[in-house]
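Sequence first, predicted coordinates after that:
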Amino acid sequence: MHVGKRERQEDAAAFWQSKDGGALFAVVADGAGGHGGGAEASNAAVAEAGKCWTKWKADGNASEFLADWMRKAHDAVNLSVRHQHADARTVAVALLLHGNQADWGHAGDCRLYHFRKGRMLTRTRDDSVVQVLFEKGEITEEEMGTHEDQNRLLQAIGGSEPPRPRRGSANLEPEDVLLLCSDGFWERLKLEELEGLVATPQKLRAKMLEKTLQLAVKRGGGKSDNASVIMIFPGGIEQESSIMNSCWRSLLCVLVAAAVVAIFAAFGPMRQKFRELKQKFQSPSRHQMIRVPSEDNQPATPKK
């Protein structure tokens, strides 16, 4: 997240992952420009997402889950700003991953991009005037972010009218990438730059993401907005979980091997001592008999 040239950070973002790594929920929200209480509104929407996540079940219905979050987020936004900013709004996009299935919903112009093999498959449709202009062919995709009507939204979370969230879903492949972001991130970047970002080798991804975020803010100059982005590699999540399990198994093997070596190391001197004692007592020069009691005559040791 980056505050840009704004006085306040009105974006909010978070994600949650199940303990087994099989599910993930991510949200990016942007307090609607021009409305007081934007920060309170976006934070309320994300906080409500966290509450909803605690109730998610592996066999749950993703569409119902996202719709329930949107309804509760709408009420939470209105409640959080009812005293000072009755007209506060936020836009948001949410993604639920479960297995190889991705489901998402959004209201406003926070976006979700879906990439495969370094190329964009789809992105969410903005609830904005410039989206309509783009679909009419009056402006290009690149002009959307800098158009004078870019901040004119058709719907948001909060206010008197509840949003009608747009939804999408996809079956994922191992190399797919999902990117959630606020308009402060996407409006100053070209599609080719986003495709270059997601195609970055794994070890350089974090550094490249930060570099791209800084680029978006820099291009905005004195008008740069708050910018937030979450980049998710579904195959990487599963791979990371597998790597961790593999590491624990390897560590266990190392510990077991070390224990065996230690036992043999300790047993070596004992074995040598035993040989010396055996030779000592079996030596012809010694006539002393050492009587070893029979096991049949030993008292039984009670089991604990």
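It's in.

Please make it C-alpha for all contacts and neighbour counts, starting now.
Fine.

Number of residues surrounding the closest residue to Ala199 other than its chain neighbours?
Closest residue in space to Ala199, ignoring its immediate chain neighbours: Gly118 at 5.0 Å, by C-alpha to C-alpha, 6 or more residues apart in numbering. Gly118: 18 surrounding residues under other C-alpha atoms under 10 Å.

do Ile232 as well
Neighbours around Ile232, by other C-alpha under 10 Å: 18.

So for Leu133, what's the pLDDT?
On pLDDT, Leu133 comes in at 93.

oh, and call the first residue 16 from now on, that's how I've got it
I'll keep to 16 as the first residue from here, and by that count the last item is Leu148.

Just the element for it, please.
Leu148 belongs to helix 144-150 when assigned by DSSP states H and E.

Contacts made by that helix with the rest, please.
The set of residues external to helix 144-150 that reach it, using C-alpha atoms under 8 Å, 6 or more residues apart in numbering, is 140, 154-156, 159, 162, 164-165, 167-169.

Quick check: which ranges of the stretch 116-265 of the chain have low pLDDT?
238-239, 251-265 (pLDDT under 70).

tell me the strands in it, going along the chain?
With strands called from DSSP state E, counting those that start in this stretch, the stretch 116-265 of the chain shows them at 116-122, 126-131, 134-138, 181-186, 192-196, 244-247.

before we move on, the earlier item: what about the residue nearest to Ala214, distance to Glu190?
Between Gly133 and Glu190 the distance is 9 Å, computed by C-alpha to C-alpha, to the nearest Å.

circling back to that earlier point, is it possible to export the strands of the stretch 116-265 of the chain to a markdown table including distance to Ala82?
Converted to a markdown table, the strands of the stretch 116-265 of the chain look like this (distance: least, C-alpha to C-alpha, whole Å):
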| stretch | distance to Ala82 |
| --- | --- |
| strand 116-122 | 8 |
| strand 126-131 | 17 |
| strand 134-138 | 19 |
| strand 181-186 | 9 |
| strand 192-196 | 18 |
| strand 244-247 | 21 |
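
For Glu207, which of those is the nearest?
strand 134-138 (8.6 Å; C-alpha to C-alpha).

That closest one pairs with which strands?
strand 126-131 (antiparallel) (DSSP bridges).

Show me which residues of the partner strand are buried.
Neighbour-count burial for strand 126-131 flags 126-131 (criterion: 16 or more other C-alpha atoms under 10 Å).

swap in stretch 71-88?
Residues of stretch 71-88 classed as buried: 77-78, 80-82, 84-88 (neighbour count, 16+ other C-alpha under 10 Å).

Just list the residues touching the residue nearest to Ala214, thanks.
Gly133 touches 210-211, 213-214, counting by C-alpha under 8 Å, 6+ apart.

quick check, nearest of those residues to Ala44?
Relative to Ala44, and with distances defined as C-alpha to C-alpha, the nearest of those is Val213, at 21.4 Å.

Phi and psi next, for the spatially closest residue to that closest one that is not a sequence neighbour.
Leaving aside its chain neighbours, Val213 sits nearest to Gly133 (6.1 Å; criterion: C-alpha to C-alpha, 6+ apart). Gly133 has phi and psi values of phi 80, psi 10 when expressed as degrees, to the nearest 10.

Next: Gly36.
phi 80, psi 10.

State the pLDDT value of it.
At Gly36, the pLDDT value in this model is 84.

just the one 10 residues further on next, same as before
Predicted confidence (pLDDT) for Gly46: 92.

Quick check: beta-bridge partners of it?
Thr105.

Please determine how far it is located from Lys70.
Taken as C-alpha to C-alpha, the span from Gly46 to Lys70 is 26 Å.

So these two - more neighbours on which side?
Shown here are Gly46 and Lys70; by other C-alpha under 10 Å, Gly46 has more neighbours (28 against 10).

Surely the more buried one is in contact with Val61?
No. The pair Gly46 and Val61 fails to qualify as a contact (C-alpha atoms under 8 Å) at a distance of 11.1 Å.

still on that earlier bit, and the residue nearest to Ala214, how close does it get to Ala59?
Note on Gly133: its distance to Ala59, by C-alpha to C-alpha, is 34 Å.

got it, and Val42?
Taking C-alpha to C-alpha, one finds Val42 at 12 Å from Ala59.

Also Arg86?
12 Å.

surely His121 meets Ser184?
No. Taking contacts as C-alpha under 8 Å, His121 lies outside contact range of Ser184: 12.0 Å.

Of those two, give the one with the bigger neighbour count.
A count of neighbours by other C-alpha under 10 Å puts His121 above the other of His121 and Ser184, at 31 against 15.
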